[in-house]
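> sequence and predicted model, in that order:
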Amino acid sequence: MTETDSPEHVAGTPRALSFDGAAAQYAAARPGYPAALFDAVEELAGLPLHGARTLDVGAGTGISTRRLHDRGARVVAVEPGPGMAAELHRALPHVPLVQGDGNRLPFAEASADLITYAQSWHWTDRARSTPEALRVLRPGGALALWWNVSDHAVPWVADQNTRLRRFFREEVGAEDESAHGAPARTRGLLPELAFVHRRIPWTRRIPLTTHLANLGSHSAFLVLGEEPTRRFLAEEREHLAPLFPDGTVEEAYVVDLSVAAR
């Protein structure tokens, strides 16, 4: 299974809110986004980020919110989880923050130039979040969805994905590779908006400890429990240590971006 359309993956359910108890870990370990992503958003949306009235929905701890703000967007963060929202406010006290989710956007009609979902569209009920986006976007506005997806063309990443799938099959009876992400085109995008897609490869170099914390911050592990999570991450450290003897991992990603103009 992946983090897609099943009821347990809708905002407000236990799995969707599992990040709340790991907000600090999420903020410290999760990857950011390359500058090329925001260049692509501007190109595909046909509007500059500078000055754009932007709603960053499912903003989490503000990883994408910060980048949008730095690009000059007039961004409002929208986040349902109090723990994640508190972490965002601590990091970005100057950015407006509203409690809410994509299924019930607390904004007026035609009030936004751009609505963004970074790693969060899959937590919505598409039958509700799609018309909500259409309602809140002004004519000529755009909806941008993106996910960091681990690049399985890199051999060690592919091997890790095999171990993840095997582990969750043994633990919960179903394969779950959500810790590596899944392409946007597998996420049931509804046809009300004509999405165009772009893939942006990038890498980051981080300590092995941070890489393992990143894996552990995904909902599949957060709802699994401490003991099996600790066991998998300890075994994963043993697998990776010989590959990265200096203790630094080069994570490889492809940002999967989908943009639709209103």
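Looks like it came in fine.
> helix or strand for residue 107, which one?
If you go by DSSP states H and E, residue 107 is not part of any helix or strand.
> got a pLDDT number for it?
For residue 107, the pLDDT comes out at 98.
> which residue packs closest to it, ignoring adjacent ones?
Counting by CB to CB, 6 or more residues apart in numbering, residue 107 lies nearest to residue 136, which is 4.9 Å off, once chain neighbours are set aside. Glycine gets a C-beta too; all of them are placed from N, C-alpha and C.
> how far away is that neighbour from residue 123?
17 Å (CB to CB, to the nearest Å).
> could you do residue 103 as well?
Taking CB to CB, one finds residue 103 at 9 Å from residue 123.
> residue closest to the middle of this structure?
residue 119 (1.7 Å; CA atoms, centre = their mean).
> touching, residue 213 and residue 27? I think so.
No - in this structure, residue 213 is not within contact of residue 27 by CB atoms under 8 Å, at 10.6 Å.
> need the overlap of contacts for these two.
Residues touching both residue 213 and residue 27 (CB atoms under 8 Å, 6 or more residues apart in numbering): none.
> which residues sit against the worst-scoring helix or strand of the chain on mean pLDDT?
Across the helices and strands of the chain, mean pLDDT, DSSP states H and E gives its lowest value to helix 219-222, namely a mean of 90. Residues external to helix 219-222 that are found in contact with it (CB under 8 Å, 6+ apart): 3, 15-16, 18-19, 21-22, 168, 176, 178-179, 215-216, 229, 232.
> and these, which two are the farthest apart?
Farthest-apart pair in the contacts of helix 219-222 is 16 and 232; separation 21.9 Å (CB to CB).
> and residue 103 and residue 123? which has more neighbours close in?
residue 123 (26 against 19; other CB atoms under 10 Å).
> ok, residue 121 - contacts?
58, 102, 129, 145, 187 are the contacts of residue 121 under CB under 8 Å, 6+ apart.
> please apply the same query to residue 251.
Per CB under 8 Å, 6+ apart, neighbours of residue 251: 31, 150, 157, 203-206, 211, 214.
> and those residues, which of them are in helices?
Taking DSSP state H, the ones among the contacts of residue 251 that sit in helices are 157, 211, 214.
> what's around the first one, how many residues?
Burial measure for residue 157: 16 neighbouring residues, criterion other CB under 10 Å.
> which residue is the nearest non-sequential neighbour of it?
residue 150 (5.1 Å).
> just to revisit the earlier point, quick one: the residue nearest to residue 107 from residue 69, how far?
Going from residue 136 to residue 69 by CB to CB gives 19 Å.
> the more surrounded of those two?
residue 136 (22 against 19).
> still on that earlier bit, make a markdown table out of the contacts of residue 251 and add pLDDT.
A markdown table is the format used below for these (pLDDT from 0 to 100):
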| residue | pLDDT |
| --- | --- |
| 31 | 97 |
| 150 | 96 |
| 157 | 97 |
| 203 | 98 |
| 204 | 98 |
| 205 | 98 |
| 206 | 98 |
| 211 | 98 |
| 214 | 97 |
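> which two in the residues you listed are spaced the farthest apart?
It's 150 and 205 that sit farthest apart of these, by CB to CB, at 15.1 Å.
> comparing these two, which shows the higher neighbour count?
residue 150 (22 against 11).
> surely the more buried one touches residue 159?
No - the criterion here is CB under 8 Å, and residue 150 misses it with residue 159 at 11.4 Å.
> got a list of what the residue nearest to the centre of the chain touches?
Per CB under 8 Å, 6+ apart, neighbours of residue 119: 58, 60, 64, 146-148, 181.
> quick one: the helices in this structure?
23-29, 35-45, 63-70, 82-91, 126-136, 155-172, 208-216, 219-222, 226-240.
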